[in-house]
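In: After the sequence you'll find the predicted model.
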2 protein chains.
Amino acid sequence: MPELSRRAVLAGAGLGAVAVGAGVAVGRGTATDPAAAGTTAVDGVVPFRGAHQAGIVTPAQDRMHMTAFDVTTTSRADLLDLLRTWTRMAERLTLGAEAEPGGVVGDGPYAPPSDTGEAHGLTPSHLTLTIGFGPSLFDKLGLADRRPAALQELPRFPGDALDPARSGGDLVIQACADDPQVAVHAVRNLARVAFGTASVRWSQLGFGRTSSTSTTQATPRNLFGFKDGTNNIKAEDTAAVEQHVWARSADGMDGGSYLVARRIRMRIEPWDRSVLGEQERVIGRSKGTGAPLGSTDEFDPVDLASTTIDRDAHVRLASAEALGGIRILRRGYNFTDGTDGFGHLDAGLFFVAFCADPGAQFVPMQQALARHDALNEYISHVASGVYACPPGVAEGRDDDFWGASLLA
Amino acid sequence: MPELSRRAVLAGAGLGAVAVGAGVAVGRGTATDPAAAGTTAVDGVVPFRGAHQAGIVTPAQDRMHMTAFDVTTTSRADLLDLLRTWTRMAERLTLGAEAEPGGVVGDGPYAPPSDTGEAHGLTPSHLTLTIGFGPSLFDKLGLADRRPAALQELPRFPGDALDPARSGGDLVIQACADDPQVAVHAVRNLARVAFGTASVRWSQLGFGRTSSTSTTQATPRNLFGFKDGTNNIKAEDTAAVEQHVWARSADGMDGGSYLVARRIRMRIEPWDRSVLGEQERVIGRSKGTGAPLGSTDEFDPVDLASTTIDRDAHVRLASAEALGGIRILRRGYNFTDGTDGFGHLDAGLFFVAFCADPGAQFVPMQQALARHDALNEYISHVASGVYACPPGVAEGRDDDFWGASLLA
């Protein structure tokens, strides 16, 4: 099925009530017959509702825009209003619709447009929008008793060089899509309606995925040029997802997950000048095939008894075997953000992971890596955040919204 | 023809001498028969050589990574060495090859890999690499007499709020591609081999094109939500290209062009809160169709006699009619670079234009816009650069290289 324009998608999804102004062209999407979309799944649309939020085990899209917000209110009612609005908009946006009925021009000349317009005519692009709540949110709103037990600030790890301005935040939105303009458009429209309730704290664009979250995807490469996330949890391994990704606590997080974000600056210049043998020693894998050193296939198991794999190789220290069975779902992106002011690109890996309990999974993993990983010579963690991502918005329940189980 | 892997492309393009290490998988491109590529044009490859550089009238790719460099040498010989190396690498990269023979792993364990690897297996993605030389380059190298007459620093325009750290530069590389990872990979590899001769001054990622440069492309939208560049010069209008884009001077620039870059911060929050009527008044076009106000079709001519179009509307002031016939080739990109520290996204338009003579085209245009454009309430020019882009590297001449006509 060809990708469809926003208008066709809306019609097909039964959201035909979205009025696009009469006489207004619909942009470069050119599906001619909205009815062709029928009422079945529309290409390029990831379902918004369900037991879990989309954007976690969804096959990782190629581009990401993540933005954290700080609330500028102490009113729970105001925040709940925003979350209801965001939920309504997010569902529309993932369908490829404008953010609100009325769209780019529909409200007439005397009102601000209810959508900013730059995605008009673009396809849904598998957009997913995933929300998370930072520990600080609960304190600010006087709701410390509602804070999920597993939502704790991360400890300081050895070597951390965190920029507070790029870390933390009361709310976070992860927008992932095949088309970055669709992801940025979604975040920008959510930020727009947050005016008066929440303001942008930090924002990060990721230009290329560094993880596969499905067996249908090839393993991509990070900016060290190595395949990344070969042993990642895949959506198809439902037992592993159930065990390692979904929270099952009775504190509003049943079916939710915890997002850990780490902005990892890569020192790509010294890396690029190091010899292949050193690079492979540090990672513990062959740069070409991605196979563990001493093996031939990317997906061969990492043999921890092998002395071919360095004692402090990244693949060894990050392996479930070395970590007593700990696994996390990685969903990170390559980034480049201008320069560091010293003649180098400011580039690296925006690490994103989801897990059922950061304190039991990410923290011990990162403690092991921060202390011993041979890769530490070439990386620096420069920003950090942890967020509780509530369960998905229920199907068929118009009154449900993002975070209702935690905050309503 | 399906998109092909880097290895297949190389074979098809007769660059089979590129050794990819034995036993090394070629990544996620999975074309099975390199011979299928034949010796004809390969899908996803924009020819590197020709009378003009690629990336100027090439149909604008969706993503861009532009990086400026300062030379760290005063030796012309060193610079020429770099330019020869860059030329060789650029041609390979646009074919979808690794930057140098040997590739990701081919040089063995005791040498740094000759390509950083993160594009291994990705398609050529219509990558173009375009080089430009800033006015400062000629002074630094003691070659002021070689500086093309039309390469002059831009004057200060009313309202300019330029950050010197994001402006200027001795050299600039514009990398455009369908896949941003392919563009970033190319720039990163050129930066890598520049070590000791040139260092990164500034770098800008553009996530979505805001111009069409071909009649085969639909007009995209900028972050104000409006169609941008409707009246842009199109490659198919060869008379306009010849007149407005290509320099025809005997100072080494015959067939070259001048690149003007302006980082334009958009104040998207006040814009988003302004009413549709105000937005359309400022631009002078309908937000939905892109038609000039009072007209119905996007490509209807702008009627300067119409009082429906505000005296200071952007479309009026930027029109060739109002500017005595001046036109430029726009090739800009939307960007978002984190936050401004005041609760807003740092976002806008990275304006890129090519013209035969900036002093006769861009400067008077920008003087008119900077003084009167109604849009100035919502934008701020925060960085600037002007560069001489020499003619293309000649076909069939192995000794030709980027900038030979200017610097050799």
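Out: That came through, no problem.
In: Please look at A:L95 and A:V45 and confirm they touch.
Out: Yes - using CB atoms under 8 Å, A:L95 is in contact with A:V45, at 5.8 Å. Where C-beta positions appear, they are placed from N, C-alpha and C, glycine not excepted.
In: the more surrounded of those two?
Out: A:L95 (24 against 20; other CB atoms under 10 Å in any protein chain shown).
In: Please report the distance of the more buried one from chain B.
Out: Counting by CB to the nearest CB, to the nearest Å, the gap from A:L95 to chain B is 19 Å.
In: now A:F48
Out: Distance, A:F48 to chain B, by CB to the nearest CB: 23 Å.
In: With A:G134 instead?
Out: Separation of A:G134 from chain B (CB to the nearest CB) stands at 16 Å.
In: show me the contacts for that residue.
Out: Neighbouring residues of A:G134 by CB atoms under 8 Å, 6 or more residues apart in numbering or on different chains: A:68, A:151, A:168-172, A:385-387.
In: Is it possible to mark the buried ones in those?
Out: Buried subset of the contacts of A:G134 (neighbour count, 16 or more other CB atoms under 10 Å in any protein chain shown): A:68, A:151, A:168-172, A:385-387.
In: Quick check, the residue in the stretch 151-300 of chain A closest to chain B?
Out: A:G225 (2.3 Å; CB to the nearest CB).
In: which element is A:E269 on?
Out: helix A:268-273 (DSSP states H and E).
In: Check which helices and strands that helix sits against.
Out: strand A:345-355, helix B:180-193 (3 or more CB pairs under 8 Å, 6 or more residues apart in numbering or on different chains; DSSP states H and E).
In: The shortest one pairs with which strands, parallel or anti?
Out: If I follow you right, that is strand A:345-355. As defined by DSSP bridges, the strand partners of strand A:345-355 come to strand A:257-266 (antiparallel), strand A:329-330 (antiparallel), strand A:333-339 (antiparallel).
In: buried stuff in the helix holding A:E269?
Out: Neighbour-count burial for helix A:268-273 flags A:268-269, A:271-272 (criterion: 16+ other CB under 10 Å).
In: Rounded mean pLDDT for the biggest helix by length in chain A, please.
Out: In terms of residue count, the longest helix belonging to chain A (DSSP state H) is helix A:76-94. Across helix A:76-94, pLDDT averages out at 98.
In: between the helix or strand immediately after that helix in the chain and strand A:257-266, how many degrees?
Out: Next along the chain after helix A:76-94, taking DSSP H and E as the criterion, comes strand A:128-133. Here strand A:128-133 runs at an angle of 100 degrees relative to strand A:257-266 (axes from the mean of the first three to the mean of the last three CA atoms, to 10 degrees).
In: Any chance of a markdown table for the strands paired with strand A:345-355, columns mean pLDDT and mean neighbour count?
Out: A markdown table is the format used below for the strands paired with strand A:345-355 (pLDDT from 0 to 100; neighbours: other CB atoms under 10 Å in any protein chain shown):
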| stretch | mean pLDDT | mean neighbour count |
| --- | --- | --- |
| strand A:257-266 | 98 | 24 |
| strand A:329-330 | 98 | 25 |
| strand A:333-339 | 96 | 23 |
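In: Would you tell me which of the ones you listed gets closest to B:H381?
Out: Of all the strands paired with strand A:345-355, it is strand A:333-339 that lies closest to B:H381, at 17.2 Å by CB to CB.
In: which residue ranges form the strands in the stretch 151-300 of chain A?
Out: A:171-177, A:198-206, A:208-209, A:257-266 (DSSP state E, counting those that start in this stretch).
In: Determine whether any part of the second one lies close to chain B.
Out: Yes - part of strand A:198-206 sits near chain B under the criterion CB under 8 Å from any CB of the partner chain, namely A:199-205.
In: which ones are touching A:S257?
Out: Per CB under 8 Å, 6+ apart, neighbours of A:S257: A:52-53, A:56, A:245-247, A:329, A:354-356, A:389.
In: Where does the prediction get shaky in chain A?
Out: Counting by pLDDT under 70, chain A contains low-confidence residues at A:1-42, A:106.
In: residue nearest the centroid of it?
Out: A centroid search over chain A (CA atoms, centre = their mean) returns A:Q174, at 4.4 Å, as the residue closest to the centre.
In: I'd like to know the beta-bridge partner residues of that one.
Out: Counting by DSSP bridges, A:Q174 forms beta bridges with A:M66, A:T130.
In: hang on, the earlier thing: rebuild the strands paired with strand A:345-355 as JSON lines, extending it with distance to B:A261.
Out: Listed next are the strands paired with strand A:345-355 as JSON lines, based on distance: least, CB to CB, whole Å:
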{"stretch": "strand A:257-266", "distance to B:A261": "26"}
{"stretch": "strand A:329-330", "distance to B:A261": "36"}
{"stretch": "strand A:333-339", "distance to B:A261": "14"}
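In: Can I get the helices and strands packed on helix A:268-273 in JSON lines including mean neighbour count and distance to B:R209?
Out: What follows is the helices and strands packed on helix A:268-273, written out as JSON lines (neighbours: other CB atoms under 10 Å in any protein chain shown; distance: least, CB to CB, whole Å):
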{"stretch": "strand A:345-355", "mean neighbour count": "25", "distance to B:R209": "22"}
{"stretch": "helix B:180-193", "mean neighbour count": "26", "distance to B:R209": "12"}
